[in-house]
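Enquirer: Pasting a predicted model and its sequence here:
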Amino acid sequence: MSKLSKNKKKSLEKYEVNKAYSLVEASGLVKDITTTKFDASVDMDIRLGVDPRKANQMVRGVVTLPHGTGKEKRVLVLCTPDKEEEAREAGADHVGLDDYIAKIKGGWTDVDVVITMPSVMAKLGQLGRILGPRGLMPNPKSGTVTIDVANAVKEVKAGKIDFKVDKYGIIHSSIGKVSFGADKLVDNAKEFYNTILKLKPSASKGTYVKSVYISSTMSPGIKVDDKTIE
């Protein structure tokens, strides 16, 4: 047996598949059962009792995690020339307009977030089929279509994420890295979870939060007792 699979076996002995752990326990355990040599991302999956096919049950929002996600976000700002300097000063990785629209049409999407201005949105319509499936299409609800591009860049760089429920009723997001330690992961998880609670649609009946799991890039999911989160 290789050393890695021995370590994996040892770490998994600390974990019970069907047990619901408190948020504090789960945040500590995720490090123990992660056997990757790199600093793995820690994800939170929240299954909701909503029907995402109905517009009045769609759950979508933004949250700024207190400790960020630990991942450096690459930001593209598509703006008019008068806004380019402030976008660069705020920390944008790429700034421009027609040249980047041409690059994206050619298949370039090497960024994590695209920010633009209301006056430029008409030009972006033609990019929907490329940016949409990758979750990169700017949207006023997520703060990525705004006059204040500099502030939008700073928020993304500080750890702001936008999320929406998928077709299975699950919201999935990174809440940090294994190296953060339990305390920071707990803070981030609470902020994310409480934001989703506030977004409960009035049309959603019955149990709103059905299950909560935390996992790292290569670990199994750890079930979290949602009563221990708030």
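Expert: Yes, it's here.
Enquirer: can I assume residue 149 is in contact with residue 115?
Expert: Yes - counting by C-beta atoms under 8 Å, residue 115 is a contact partner of residue 149 at 5.6 Å. Every residue, glycine included, has its C-beta placed from N, CA and C.
Enquirer: Need the residues touching each of the two.
Expert: 77, 79, 87, 92 (C-beta atoms under 8 Å, 6 or more residues apart in numbering).
Enquirer: which residues touch residue 170?
Expert: Contacts of residue 170 (C-beta under 8 Å, 6+ apart): 45, 46, 47, 48.
Enquirer: filter the residues you listed to the buried ones?
Expert: 45, 46, 47, 48 (16 or more other C-beta atoms under 10 Å).
Enquirer: Beta-bridge partners for the last one, please?
Expert: On the basis of DSSP bridges, residue 48 takes part in beta bridges with residue 209.
Enquirer: can you pull the pLDDT of the residue nearest the centre of the chain?
Expert: Most central in the chain under C-alpha atoms, centre = their mean is residue 173, positioned 3.8 Å from the mean C-alpha point. pLDDT, residue 173: 91.
Enquirer: now residue 1
Expert: Reading off the model, residue 1 has pLDDT 40.
Enquirer: can you check residue 110 too?
Expert: 93.
Enquirer: Residue 223 too?
Expert: pLDDT at residue 223 comes out at 93.
Enquirer: what about it, how many residues close to it?
Expert: The burial count assigned to residue 223 is 16, neighbours taken as other C-beta atoms under 10 Å.
Enquirer: Next one: it from residue 14, what distance?
Expert: 15 Å (C-beta to C-beta, to the nearest Å).
Enquirer: Check residue 37 too.
Expert: Counting by C-beta to C-beta - residue 37 and residue 14 are separated by 19 Å.
Enquirer: And the longest helix anywhere in the chain, what does it pack against?
Expert: Ranked by residue count and defined by DSSP state H, the top helix of the chain is helix 182-198. When contacts are defined as 3 or more C-beta pairs under 8 Å, 6 or more residues apart in numbering; DSSP states H and E, helix 182-198 packs onto helix 23-32, strand 41-48, strand 60-64, strand 170-177, strand 209-216.
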